[in-house]
Each structure stands twice: as structure tokens, then as C-alpha cells.
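1. this one's sequence-less:
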């Protein structure tokens, strides 16, 4: 995205990056950049509700006072986030990327503008969507994404990253169309919250929170398929545990690789270990720069990915060699 990074390994949006202490550890460990924990619109609305729960007067009767208090709480929550950005930019040379996760169209615009003014180097917009509504068409979803991106690009001038899931019928075409909107990068992929069922209480409960090594193969596949077909860069995310995983995603064509769960499991210092694994592999293979090998294992833009998938399926699951 035009930024000079000391490493392609960046810390994805998570709770580890909510304090200056955490950011300092990430910088010392060699993170190329940090995506701050997302601003969650729902969290702000929850805080407003929590602090105004004593109000028994209906909003339509006492609306002005409610608006004042709600706006104050929202501004206070946002200001804490903005102060973290300002302090981080003064203290560390690594790029600081703001992150927004909202459901209200107007708040996308409001929050993004504040992040840019605070000094963020880029904004990652988490457009998380699961097509659970049978009354919502593909065109509706495409219009939602397109309208949101265009509105933000009229307001912010810093690089815009779209973090999206894989719940799309025509994933390759849709990602390509997103890359034509003028965004700087796409993060593949965000993760849906895992649900589970407690068979004793018969209640919905949380499943595993962190990713597993098996999650890695989804972004690896789609990075390899898409990296030669998009007009923007790819930041690969999901299941990355080791420096060897980082190497694979770079070979597939990713510009950066996001890590989160491996830092929860191994500590923030694990970034240094992954950087060392990458450097040692490059030395063994006589690579002076990542650009010498990035995308060398990606599927070519004129290559039929379906044939690639079919050949490998036949190779490993039939008697064809």
C-alpha cells in the first residue's frame, strides 16, 4: 500500500493491541505493522445503554438529554481509541492501522474520518457478512459493499483495506470487483464466531475462539487463486502459526500476513521467531528480497484454477499419478 514495512508479518486486529505496552512489545518483536482492535459500534451502544439504564423517562419525552448523554459517551469511547493512535504514532515507526466494525452505514463514515485525523496510516474496514437472510440477493450484498466503499473513499485519503469473509457464491468474481473500487488491499478472511451446542443445557454456547492450523488452508488457497487477478494487494489471515506458514502465503502472492491466535498461544515474542524462520529460509534459498519470490506459486491470471484443483484431487484421491 505504499508503506515501507520492516516485515511482512503484521498483527491482526485483536485485544493484544489495546495498550501502549502491547504495541511496544509488538514493535520490539519485529511486527511490520499493527491493526488495532476494531471499534465495535455495538460495544459503544452497549456502553450508552449501560450508563443510561437509570433513565425511565421515554426518549420521545426526554430526548434532548438522552442525546446529549449518549453523544458524550460515544465521544469518550472514540477519544480513548484516538489517543492510543496518537501516542503510538509518536512512539513507534511501524505503521498503525485503524480498524472499524460497524453495522450502521453512517457510523462507518464518522469513525473513519476520526481515525484518519488521528494519524492512522491506513484503515481496515471489517465488512463481515453472513448471507443468512433468504430475502437478501447477491445484488443487495454487492450494492452494500460498493456503496460503503465509495462513501468512505470520498471521505478518507489514506489506504483503505477491506476485510471480508468467504461466504459468497462467486467469491473470485466478487473479490475482483471489490479490487476495482480503488481500495488498497483485501484481507482474506475474517472469521465468523463459532457456535456450539451444550447438549446438557440445550443452549447455544461459544465454540473455539482462536483459529486452528487447519484454518490456514482456506486463505492459502484463495490467495493463490486471486493474487494475480486483483488490482489491489492481499493481506492473508487465518490459522497462521509459524514462519513457514508466512512463507507459503508469500509464495501464494500475499503482500502481508496477519497473525493473532499464534500470539495468544505463544506470546507476542513469537513474531521474532517467525521473522527468523523467514530470514533463514530466504538465506538458504539465496533470496535477497521478498519480491524475488512473492507470488511465484500463485495461479497465473490466465490459468484455469478449476483444472488445477481437479488435477490435484485426482492425484491424491485416485490411482492417477
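-> Perfect, I can see it now. The structure presented is a predicted model; accordingly, all values stated were derived computationally and were not measured.
2. Surely residue 162 and residue 179 touch.
-> No - the criterion here is CB atoms under 8 Å, and residue 162 misses it with residue 179 at 9.0 Å. Every residue, glycine included, has its C-beta placed from N, CA and C.
3. show me where the stretch 1-150 of the chain has helices.
-> 20-29, 41-51, 59-91, 105-118, 138-155 (DSSP state H, counting those that start in this stretch).
4. out of residue 162 and residue 179, which sits in the busier spot?
-> residue 162 (26 against 20; other CB atoms under 10 Å).
5. quick one: stretch 229-242 to chain centroid distance?
-> Computed by CA atoms, centre = their mean, to the nearest Å, the chain-centroid distance of stretch 229-242 equals 9 Å.
6. Give me the buried stretch members for that stretch, please.
-> Buried positions in stretch 229-242, judged by neighbour count with 16 or more other CB atoms under 10 Å: 229-230, 232-242.
7. which one of these sits closest to residue 90?
-> Of all these, residue 235 has the smallest distance to residue 90: 25.1 Å, by CB to CB.
8. ok, back up a step: in strands, which of the buried residues of stretch 229-242 fall?
-> 233, 234, 235, 236, 237 (DSSP state E).
9. Now for the nearest residue to the second one once chain neighbours are set aside: which residues touch it?
-> Nearest residue to residue 234 in three dimensions, chain neighbours excluded: residue 254, at 5.0 Å (CB to CB, 6 or more residues apart in numbering). Each residue near residue 254 by CB atoms under 8 Å, 6 or more residues apart in numbering is listed here: 8, 219, 223, 227, 234, 235, 236, 294.
10. Go through the helices of the stretch 1-150 of the chain and find the least confident stretch.
-> Across the helices of the stretch 1-150 of the chain, helix 41-51 has the smallest mean pLDDT, namely a mean of 48.
11. ok, the closest residue to residue 148 other than its chain neighbours - how many residues close by?
-> Closest residue to residue 148 apart from its sequence neighbours, by CB to CB, 6+ apart: residue 108 at 5.9 Å. Residue 108: 22 surrounding residues under other CB under 10 Å.
12. distance of residue 108 from residue 296?
-> Taking CB to CB, to the nearest Å as the criterion, residue 108 is separated from residue 296 by 37 Å.
13. Repeat that for residue 168.
-> 27 Å.
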